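A.B. asks: quick one, what's the 3D model for this:
(one chain, ligands or ions: 1)
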Amino acid sequence: MEHGVVKVVQAAEGVFKIELPMPYSMNHVNVYLVEGSPLTLIDTGPIMEGVEDALHGSLESRGYSADRLERIVVTHSHPDHMGLAARLKAASGAELVCHRLASDSMSDYQGSAIREREYLIGMAEMLGLPSELMEMNRALMDGWLDVAESAEADRMVEDGDTLESDRLQLQVIYTPGHSIDHIVLYDAESGLIFTGDHLLAGITPNPDVYLPWMSEKLSGLPDYLESLARLKQLQVRLALPGHGDWVTDVSGRIEEIFLHHEERKSYIVDTLRGREMTVLELALDMISFVAAELSPTNVFLAMREILGHMVILEDEQRVTREVRKGTWYYGAN
Ligand SMILES: [Zn+2]
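C.D. replies: Here you go, the predicted structure:
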């Protein structure tokens, strides 16, 4: 059978980056094939037009059919990273590995996505979001319901575990923040690290809004920055992310991300001088400041990032927060 355009690039001996197309603003996702025993796939791609076909074609270009996979590791429970896991596992009998918290969400993907949607919609008033925009967010989140299937993990891993193979000894590092269930995989000997969405080349990963039944914390951003600081301690030669190019200067990239957040926080404090603003107003201001497109997706992502900044700024006592009729209003200290 002929498959679509295949983009497979060798990252190291026996390690291949497979770039899968996605019909999203983020137009692709990277998954990784680690040859040897067990034959391993790191992340899967979503259930979307052309993705499964491209994955099969890519595996075949390396001489494998998907039913030969022996291990599938999922870096986190976002659909572009785990959407095809159930199908691949059913076809191959591969062992499905992820963090304990990812396993909870993945075992009932639709149920978890709906619970998350309802929680986020319930935050509308607090964030200062009018009902029309809230409905746009609902439509946006509904778009994620059918791009993944629920999958049962066979092995749940925690920080410090090792996934042995004859090619790489992948140390599991728990890196919450972009999602609460995120792990990265590090092979000390080769200096390779599979970073999922924790570290990307050109994009600052969007912080999670933590769900109250998973964490007491509101935003994943403080965890994210801590997880990133931990990554800086490692001797990394090459970081292999879930989107975009790989990263050779990991320490430099981490410094850039830290700087990005410091600059954004300072900008917010300056913006708040002499006036009060809601999270939505701050998000809209940020979108126009960075000249991004005013799309529902960008408003959604900007609000998540602003919320993270506000949590940290409040903790640093650089902003004040007043609640009136359920809406949060921030001011500069
Ligand atoms: Zn993600």
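
A.B. asks: what residues does the protein have near the ion?
C.D. replies: H78, D197 (C-beta under 5 Å from the ion). Where C-beta positions appear, they are placed from N, C-alpha and C, glycine not excepted.

A.B. asks: quick one: pLDDT of P23?
C.D. replies: We note a pLDDT of 77 for P23 in this prediction.

A.B. asks: pretty sure it sits against P46.
C.D. replies: No: with contact defined as C-beta atoms under 8 Å, P23 does not reach P46; the gap is 9.6 Å.

A.B. asks: near L33, how many other residues are there?
C.D. replies: L33 is flanked by 22 other residues according to other C-beta atoms under 10 Å.

A.B. asks: an error on my part: the question was meant for E281.
C.D. replies: Neighbours of E281 (other C-beta under 10 Å): 18.

A.B. asks: mind telling me what element it is part of?
C.D. replies: helix 279-289 (DSSP states H and E).

A.B. asks: show residues contacting that helix.
C.D. replies: Applying C-beta atoms under 8 Å, 6 or more residues apart in numbering, the external contacts of helix 279-289 come out as 126-129, 133, 264, 267-268, 271-272, 277, 293-294, 298-299, 302-303, 305-307, 310, 328, 330.

A.B. asks: whichever residue of the stretch 151-300 of the chain sits closest to the ion: neighbour count?
C.D. replies: With C-beta to the ion as the measure, D197 is the residue of the stretch 151-300 of the chain nearest to the ion, at 3.7 Å. Residues within reach of D197, counting by other C-beta under 10 Å, total 25.

A.B. asks: who's in contact with it?
C.D. replies: By C-beta under 8 Å, 6+ apart, the neighbours of D197 are T75, H76, H78, H81, H178, S179, H182, P205, P241, G242, H243.

A.B. asks: out of the residues you listed, which sit inside helices?
C.D. replies: H81 (DSSP state H).

A.B. asks: which of the contacts of D197 ranks first by neighbour count?
C.D. replies: With neighbours taken as other C-beta under 10 Å, the top of the contacts of D197 is H182, carrying 31 neighbours.
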